[in-house]
Every structure is written in structure tokens, then in C-alpha cells.
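Asks: Build me a model from this:
(2 chains)
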Protein chains: 2
Amino acid sequence: METAGPAALPAPVEFERTPDTYQHWRLAFDGPVATLSMDVQEDGGLRPDYRLKLNSYDLGVDIELADAIQRIRFEHPEIRTVVVTSLKERVFCAGANIFMLRGSTHAWKVNFCKFTNETRLAIEDASTHSGLRFIAALNGICAGGGYELALACDEILLVDDGNSAVSLPETPLLGVLPGTGGLTRVVDKRKVRRDLADVFSTVAEGVKGRRAVEWRLVDAVYPTSQFKTRVAQRATELALASDRPEQGPGIRLNPLAPVITDASLGYSSVRVDFDRQARVATLTVAGPDGSQPSTPDEMLGEGDRYWPLRAFRELDDALLRLRFNEPTIGTIVVKTRGDAGHVLAVDAALVAHQQHWFAREIIHFMKRTLKRMDLTSRSFFALIEPGSCFAGTLFELALAADRSYMLDDPQQTNTIALSAMNGGPLAMSNGLTRLQTRFLATPDVVGELLEEKEPFDPGAALDAGLVSFAPDDLDWDDEVRLAIEARAALSPDALTGMEANLRFAGPETMETKIFGRLTAWQNWIFSRPNAVGEKGALTSYGSQSRPEFDFGRT
Amino acid sequence: METAGPAALPAPVEFERTPDTYQHWRLAFDGPVATLSMDVQEDGGLRPDYRLKLNSYDLGVDIELADAIQRIRFEHPEIRTVVVTSLKERVFCAGANIFMLRGSTHAWKVNFCKFTNETRLAIEDASTHSGLRFIAALNGICAGGGYELALACDEILLVDDGNSAVSLPETPLLGVLPGTGGLTRVVDKRKVRRDLADVFSTVAEGVKGRRAVEWRLVDAVYPTSQFKTRVAQRATELALASDRPEQGPGIRLNPLAPVITDASLGYSSVRVDFDRQARVATLTVAGPDGSQPSTPDEMLGEGDRYWPLRAFRELDDALLRLRFNEPTIGTIVVKTRGDAGHVLAVDAALVAHQQHWFAREIIHFMKRTLKRMDLTSRSFFALIEPGSCFAGTLFELALAADRSYMLDDPQQTNTIALSAMNGGPLAMSNGLTRLQTRFLATPDVVGELLEEKEPFDPGAALDAGLVSFAPDDLDWDDEVRLAIEARAALSPDALTGMEANLRFAGPETMETKIFGRLTAWQNWIFSRPNAVGEKGALTSYGSQSRPEFDFGRT
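Replies: The predicted model follows:
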């Protein structure tokens, strides 16, 4: 049991990958069909204290998966169907590696599940918004996180070989929940009857063959002899219905190459400066320089250097590094700098051409990155100062923040502005825009604000309810400093729970249920002795000893 | 710090009260207005290790509150407005007692919050469905759970005395969340802007006066000199719009007087038998005997002896006793016995007269009791056997169960039946009926099943998807026994989380958000060292030492 207990984190985690260096996946293209095959290297884990047997995965495997989905969207616009399968014989995927989980800190478990959830939701986002269809081609056993990956696909096809089953063995074997949306997707996406879901989630061996179809757990089963043909046939059928372009070329996603020091993360348009003593980071996003593309051809010409794509790739990378590599940074001060006019020009071009595949991909990527911010369990305070460019898409950073402070100094111009990008394309995971969520009490205000073509000065912004506070130049320094200091003194756990409740007012969706209901329960279970205690089920798994439970129900 | 750590539970907890023996509330009636005044006795706590200062409360205080709301509905149908206020000078309510929380086990904290949440939701249920309006008349400081009680009322009126504020100091003072719906109701019910809610929830002193109105935290503030008059005036205004009857009389809710032994709980129509070794209880509900009332006058004539009211009061009491007094009973086997025809006759009478106040109250009470079952963190298995009466309202017990087993023995008649009560009146907290939730994948089936006037035999019930399994008489004993034994062996925490996810497929409402998102996060925080550890904020409160946090964010 030397691997139990919080192992050292593999810090810093890097989130960039390239297909030619994938360790765990093979990505192949054939006309409109891509095949993404899992082939996890047992000794390729992020930490040395576990082996990734039977296509079980750790964060590193999932980072490659997320990268592959992203590249299919940007680099291969001609792809219409993605077949997700495995190169291991009679094994699709055994799920998240249990020894990895057992040896991880609580925070690592939680952040690992959050990332893998985001990856699966990115698959569904590509399906809903980007004309891609995903087939899970289950060529063998498919357990736990393996089945949760399949659940994120549009269709699940299972080989009928008398042995291969789908299963969620977390509760019966490990005393935890399937942590990557499994329970939610079973009853909410696939609409499996709750009593059958109850049985399915408590039998370690899972369900196979006809019963798996009858219970709606998979869409079809095929004998081994027909399996590959049927999968290929279905992939071709699904490709026909797509609205993706007939052919590419896509654009290349080149490495971000940040400059990393102990005090900062520096990208071309994003910068993070750490004040570790105060447990505060300042995240600054720079707007675009000079004139911006106004046609899809011009956008494609800039490729991954096109500002919205570049800046949001950098923002996404920075948020992930903050989550995994900077756990004690509790508060993130969000700033922007640049010319609001250029930001609004980018917004206008993206909205004008949102039917074009490249603009569409950029918009949805910005949306996903902003959702990543909503779901990052750190406090965000936006500071709106002269020289900033909180306009349109970048004003979403202020709306995503827990609070915003806007300097009201009569000597200096300081404005914010809205654009069509605040009116729909960047919806939160609750299905509403951030403006709609903000103005739940007065929904008519949203339309009126979006009509406003002029920028808002601090007084107007405060009156409109677009910023939290607008201190004058005499009060600014003290008010902002005290707010940040006060935040840093609070319990980080209470803040995580508080923010998770206050940020998501209004409707819930399958996506918010996964991050709210399911994840919160899983986090609770991940901190309970019955799972992670000395004799807990997760701790005991794979050892000689059986788990011992405190059978008191909570 | 001798009170920290899990104190002995005040077992068994009793849930019946009568107004003449209330310790903590005064209930007064004046025409259509009832005044419910909090006056908590400091030394009247359920345990001796804390004092209920400043109208702080424990479970005992909340049991009286729940009783008062229930009696107003049944015993005083002429009441149209309820003013909730305090008899303490300059103090409305200081919230849940912190020393009580600190000295409670984790399970007690969780069940305490669940009960207080149900009480507040019962207030909102009375407002939405029963023509009652609630005014929170805040005559002084109103903190934490005190403000959460106010949030459950229709209107919040605050005295403007320069001192009295509303506040949610849990996060800044205690390192936990407001556990009784506070965060959810602030942003979802009162639709306070999320950034203002963030500020409000992190300042221990709260918000008072005009700002409290501007931030939508209260509906009005009045100077001390006008406060009582304005409250009385508003109470009268609200009473005018009610559809409650002009006058009573109501019916009397007499004591249930269960016979309690170590092996069983026995009521007139409900019985619970314990197999403590197996950690299983059998809950049996007996249907009505003989002919049943068919008019409101006949129903009123039976008063609290009328079967649906009596049986569901007993069921409600039994569920609460199971939650608080029987923590190691993990599985509850649900049975019924009696004549399905009589149950269906009761259903028909209630539906026919659902506009009558008494039938209406009974229906909503049955609904709330069934919700209590949905929210009880124990596994429920329904066993449908010959002689049972799982029909209409009582079939909801099978639908609320995690699974149902129906004996298919050709030698014996064994049927289930639906009624109009399965088609709407007994909605779950997600806003759907249990049939709608069950058949999310095939919504048209629900209407077709409700059209079916004949009872379903085991084959038909299984085909229709109304039961999980229908073993024959050869398999029955083994299959049921093995299922129950297997359930009892699983981690109780994983089951609690699993059931909380599988039971609530489909839409989320403010109510389900409170029990899903908010409660699950709170339970997580309640198990974290930053709250309950030796140096946690909840542990340190009121002592000389300041809390020390692990500042790693999760």
C-alpha cells in the first residue's frame, strides 16, 4: 500500500500536445471519417506510481484526447464523423486508473474529473454546434470512465461477443461515483429508466448484448464478424448529414510557447503575474493590435495567429495551469489592455461570418474557454481601468468574474462596451448568456443594453448594473486592495461552494447538473472515509483486504 | 472545546408537537391573519451542550415551526396571511445555533439541514398551492438561517433602525455555506445579481436599509415607528387575494400515538419492522378499510381519521424517524396490503374535490410526504405481492422506490393500477410526475398508461415498464433476497450520491437545486478540515483561537 495517500503532484502539468507525439491515441483520417483509437501505454502515466493497464487512463491520456478533438475541429474541417475505438484486443477502455486515483490528493481527483468532464462536453459541443458526429465503437470491455467516454458520443455500438459489456462499477467496486458524468448521462441523455439505471450502476459486471440495447445503454450490438463493417457503414451514413465543408484545408494549431518563470506566465496576448505571498494572480488579456481581418479568407490567412483564436488558446492554457499548478492562488484579478475598437471589430467579423466553419470554430472555442473560467474554482475580480478594453467578447471576462470594479476618475477616459457577442454566441453552461444570467430579475434590460451602441462610462455602467462598483480615484486603491485582502482570508472550500452556487443562477442543463449535482456529490464521497479512509473501498481496491464500511447513512 | 466532536445524538427524536406545548414559537390568530412569533428558549435545546441564544435554533425549534405551518393549513383554513416575526427585542433570528452544529455528527448536520430545507419548502408550497401568503417581519437582526427563513416567505419587510441588517455570515465567519437554501434563493428566487450576492455572502455584517432594498434582499424597509402598522397593513392586503375559504372550521390533527418497540414502529395504517442485523427495514402501508367518503362533508366528518391524511401523516413520521433515529438501516423494503379498489375510491374522491380546501390540503400533503421519501437517503425496494394494493397514490410508493419487484405467480392474483393521482397532483420536486420522470425517453407512453382503466398483471406491468422485475414464484425468494443482501453490502456514501443523481432525472427546479447543487456542496464543506477540523472555522467559532486554513483550492 505504499502508493496510497497523497502522492507528489506531477507539477507543473503541461497541457499542449501534438499528434505526432501522442503516447496513447492514434488519429487516422479517411475522407470524412476520422478514427481516434485508444492505445494507452502502460508506462506512459504522468506519475510513476501506477501502470495504465487495459486502456485505463490518467490526466495525460485525457489531455491528448482533448487535443485530438480540438485539432479535428480546427485542422481537419473536412472530417464529419469521428469513430472512437481502441487498438487493444477485446478491451475498449477500463476507465480512469484506480491506482492513480488512489494515490492522488483530493484536489487532484477533483481537478482531474473536472478536466475529463470538460473534454467529454467538448465532444458533445462539437456534435451540437460543429457538424461532427461521434461513434463509440466498443470493441471490448468498456468500464467506468470508458463507458462515460462512450456516453459522450452520439451513438454507442457494442461488439456482441458474449463477453464485452458496458459497466459503471464505481459504486460496487470502489465506493465512489462514476465521476465523469456517467450517472447524469445515463438518466438524462440516454434516458435510461431510473430503476434500470439503479441496477446497472450497482452490478460490477455491467450489462451486455440485447439487454444493453433494451435498457438503452447502447444503440446497437453486432457480432464480432460484422462489427467493423457496421461501424464503418454507420460512420459513412452519419457523415452525409453534416454541414461541415466538403474539404479543407484547416489551419495549423502551433505551439503556444509561453515564457514561464516562477513569477509569471507570459504568452503573446495573455499574461499571468503571481503574488504568491498574497495568494493572488493578475491575469491580463491584451486586445488585438492594428487592423483585423474582415473576411473568412483573411481570417484563414492569419491562421492560429488570428487574435481571438490565439488569445483564447492562451487564456485556456493559463486557466488550466492555474487550476493544476497553482493551487494556493485563491484570487485572480482580471485585467485587459488595448483598443476596444479593435476588439469590437473582431467581434463584428466573427458574428458576420459565423456560418463559416472557421469563424464558427473560433466562436465556440471562445465559448468553451469562458465556460472553463466559470468552472474554475478561484475567485475572479475584474478591474476595469483606463487603457483597458473590456468590450464585447472581452467584457465577458468581467461578466464571468465574481465582481467587477471600474475606476471612476473624471480625469481619465474609462469605458466598457457591448457587442453582438454578448447577446448569444458565448452562452454559459446553463444555456443563458452571462447578461441574461446577470439580469434574471429584469430580463428586458438585456435587450435594451445590447441596443446601446455607445460605450458606457463608469457612471453609466454602474447605473446599468454592468459593473459591481465604480469607486473614484481617491477610494480606488484602498477599496480594491481591501476587497482582495478580505477575499484571500476566507476559507477556500467555502468560497468554492459559494461560487459554484452563485455563478449558476437560472436554469440547469445536463452540463450544469454534471458540474453541480453530480460533481458536488462525488467530491463529498471523495472526502469520506468509506472511500478514501484506511479501510475505504478506493484504498482497498486491488489489495488483499476487503473494504470495511461505517454503515451509517448520511 | 469540550463540546466539539460528535456528541451523542438526542435519540430517539420525536417529530410530533402541539401548539399548547410549543417552547419556541407563539401562534396567534386574528381574523384571516396568523402571527407566528419566534421566541426561542435558551435552555430548550434538544441537547444540553448548547444554549439557544438570540433566537438561534436547533432541530427542535424547526420541528415546532413545521408543525405550526401544517396546523395552519389543516386546522385554520380561514387563515390567509401568516406573519413570521420575533418576540425578542431587536432580534429576529440569529440562524442555526453554531455550537449545536459544531457538536453534531456529520450525519446530524446533513439531516438537520435537510429537514429545515423541507420546512422552508413547505412554506413555499403553502404559498404556491394553498392560498397562504407569508410575510417575514424582520424586527431586528436577521442572520444566516434567520434570513433563509425570511427568504422562504413571499415578502420580506425589514425594520430600518440603523442597526438591523440581513446577512449570510456563514462563509466569512464559519467557513461553511448557508445550508438552508440561502445562496440558491438569493440568486434564483429573489434574483439578486450574482456580483451583489457575492459581496453580500462574504460580509459578516450583512446589508441594511435602502441598500438591502436596492439589492433586492428585502422588499421594503420601514422606520421603527411605522413597522408594526405597515406589516399589519400588508398582511391585510395580501389576505384579500387568497382563495382560502371565508371561514372554517378546520380539522384537528390529533397525536399519532405510534407503538414503538426496538423491533418495530406501529401506527394505524403504517408499520415499520426492523431487521437490524441485515440493516433492512420493512415499511408496510395498509390501504383503507371499507367504504370511503365521497364528498367533502364526509371527508371533513372523518377529520384526521380520514385514511389518506392519517396514512400519510404516519408515513411522514415514519420516514423522519428512519432518517434521524435509524442511521444504520440502509435499505427499506416497501410493501402495501389491502384492497386496491378502496385506494382508487379515495383517489377518485380527492381528485373530484381537489378544489375543496380539505381535499387540496390532503393532496399537497401526500405530495410533500412522497417528496420526503424521494429525498430520504436510503435505498427503497418495492415488493409487489398478492394481497398488496399498489394502486394510484400507493403506486407512487413503487415509483418512488429505486427498484420494484412484482411476483408473477400464475396461482395468485397480483396487480397494480394507476389513477388520476399518478397524472399530476403528486409531482416530484423536479416538477414532473414520477411517471414522467420514469418515462423521459418515451413521454407519450405516460398518457397511454393513464388511459388504461384495467389493473396490470405482472406480465403487463413488466411490458409497460411499470415495474423493474417480475420474477416467478420459483425465483422470487432468492432473487429478492440476493438483491437486498447485495444492496446492504455497498458503501452507504456511494449509494447516497448515486441515488441523489439517478432519482432526479430531467429538469431541475429551485427546489432540486437546493437539494442537489447546494446541499451536496454543503455536505462536502461539512466534511472538510477547513470547516470541521481541529483548527477549522466552525470548530474555532466562539473560542479564543482564530481558524487556520489550508489555502489550497480544490
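
Asks: which residues touch whichever residue of the stretch 251-400 of chain A sits closest to chain B?
Replies: Using Cβ to the nearest Cβ, the closest approach of the stretch 251-400 of chain A to chain B is made by A:P327 at 4.2 Å. C-beta here means a position set from N, CA and C on the backbone, and glycine is covered the same way. For A:P327, the contact set (Cβ atoms under 8 Å, 6 or more residues apart in numbering or on different chains) comprises A:107, B:552-553.

Asks: Could you measure from the residue nearest the centre of chain A over to A:V272?
Replies: Residue closest to the mean C-alpha point of chain A, counted by Cα atoms, centre = their mean, is A:E118 at 2.8 Å. To A:V272, A:E118 is 20 Å away according to Cβ to Cβ, to the nearest Å.

Asks: Around chain B, which positions in the stretch 1-150 of chain A sit nearby?
Replies: Residues of the stretch 1-150 of chain A lying near chain B by Cβ under 8 Å from any Cβ of the partner chain: A:106-107, A:110-111.

Asks: rerun at 6 Å
Replies: A:107, A:110 (Cβ under 6 Å from any Cβ of the partner chain).

Asks: Touching, A:T81 and A:A34? I think so.
Replies: No. The pair A:T81 and A:A34 fails to qualify as a contact (Cβ atoms under 6 Å) at a distance of 7.3 Å.

Asks: Look at those two and report which has more neighbours.
Replies: A:T81 (27 against 24; other Cβ atoms under 10 Å in any protein chain shown).

Asks: how near is the more buried one to A:G31?
Replies: Counting by Cβ to Cβ, the gap from A:T81 to A:G31 is 10 Å.

Asks: Likewise for A:P458?
Replies: 56 Å.

Asks: These two - which one has more neighbours?
Replies: A:P458 (22 against 13).

Asks: just the helices in the stretch 201-350 of chain A please.
Replies: Using DSSP state H, counting those that start in this stretch, the helices found in the stretch 201-350 of chain A span residues A:209-214, A:224-240, A:296-302, A:307-325, A:340-352.

Asks: Which neighbouring elements make contact with the longest one?
Replies: With contacts taken as 3 or more Cβ pairs under 6 Å, 6 or more residues apart in numbering or on different chains; DSSP states H and E, helix A:307-325 sits against strand A:270-275, helix A:357-374.

Asks: right, so those: which one is the most enclosed?
Replies: Mean neighbour count (mean count of other Cβ atoms under 10 Å in any protein chain shown) peaks for helix A:357-374 among the helices and strands packed on helix A:307-325, with a mean of 22.

Asks: Beyond it, next helix or strand please.
Replies: strand A:379-384 (DSSP states H and E).

Asks: ok, back up a step: so which of the contacts of A:P327 belong to helices?
Replies: Per DSSP state H, helices hold the following members of the contacts of A:P327: A:A107.

Asks: Mind picking the one among the contacts of A:P327 that's closest to A:S294?
Replies: Closest approach between the contacts of A:P327 and A:S294, by Cβ to Cβ: B:R553, at 41.4 Å.

Asks: got a pLDDT number for the spatially closest residue to that closest one that is not a sequence neighbour?
Replies: Of all residues not flanking B:R553 in the chain, A:P492 sits nearest, at 4.8 Å (Cβ to Cβ, 6 or more residues apart in numbering or on different chains). If you check A:P492, the pLDDT there is 97.

Asks: Burial check on the closest residue to A:G290 other than its chain neighbours, number of neighbours?
Replies: Distances taken as Cβ to Cβ, 6+ apart put A:H342 closest to A:G290, at 7.3 Å, once the chain neighbours are dropped. Using other Cβ under 10 Å, A:H342 has 18 neighbouring residues.

Asks: quick one on the thing from earlier: please report the distance of the residue nearest to B:R553 from B:T376.
Replies: Distance from A:P492 to B:T376, counting by Cβ to Cβ: 32 Å.

Asks: ok, now A:A318?
Replies: Distance, A:A318 to B:T376, by Cβ to Cβ: 44 Å.

Asks: Looking at those two, which is more packed in?
Replies: Relative neighbour count places A:A318 above the other of A:A318 and B:T376, with 26 against 19, counting by other Cβ under 10 Å.

Asks: Close to chain B: what parts of the stretch 351-500 of chain A are there?
Replies: The stretch 351-500 of chain A comes close to chain B at residues A:377-378, A:402-403, A:438, A:440-441, A:468, A:491-494, A:496-498, A:500, as judged by Cβ under 6 Å from any Cβ.

Asks: Give me the subset of those residues lying in helices.
Replies: Per DSSP H, these map to helices at A:438, A:492-494, A:496-498, A:500.

Asks: I'd like the residues you listed laid out as a markdown table, including distance to A:V532 and neighbour count.
Replies: What follows is these, written out as a markdown table (distance: Cβ to Cβ, whole Å; neighbours: other Cβ atoms under 10 Å in any protein chain shown):
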| residue | distance to A:V532 | neighbour count |
| --- | --- | --- |
| A:R438 | 38 | 22 |
| A:P492 | 19 | 25 |
| A:D493 | 16 | 31 |
| A:A494 | 21 | 28 |
| A:T496 | 18 | 24 |
| A:G497 | 19 | 31 |
| A:M498 | 24 | 29 |
| A:A500 | 21 | 25 |
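
Asks: Show me which pair in these is furthest apart.
Replies: The farthest-apart pair in these, when distances are taken by Cβ to Cβ, is A:R438 and A:D493, at 25.7 Å.

Asks: Count residues in the vicinity of A:T119, would you?
Replies: So A:T119, with other Cβ under 10 Å, has 21 neighbours.

Asks: can you check A:F324 too?
Replies: Count around A:F324 with other Cβ under 10 Å applied: 22.

Asks: Where does the prediction get shaky in the stretch 301-450 of chain A?
Replies: Scanning the stretch 301-450 of chain A for pLDDT under 70 picks out no residues.
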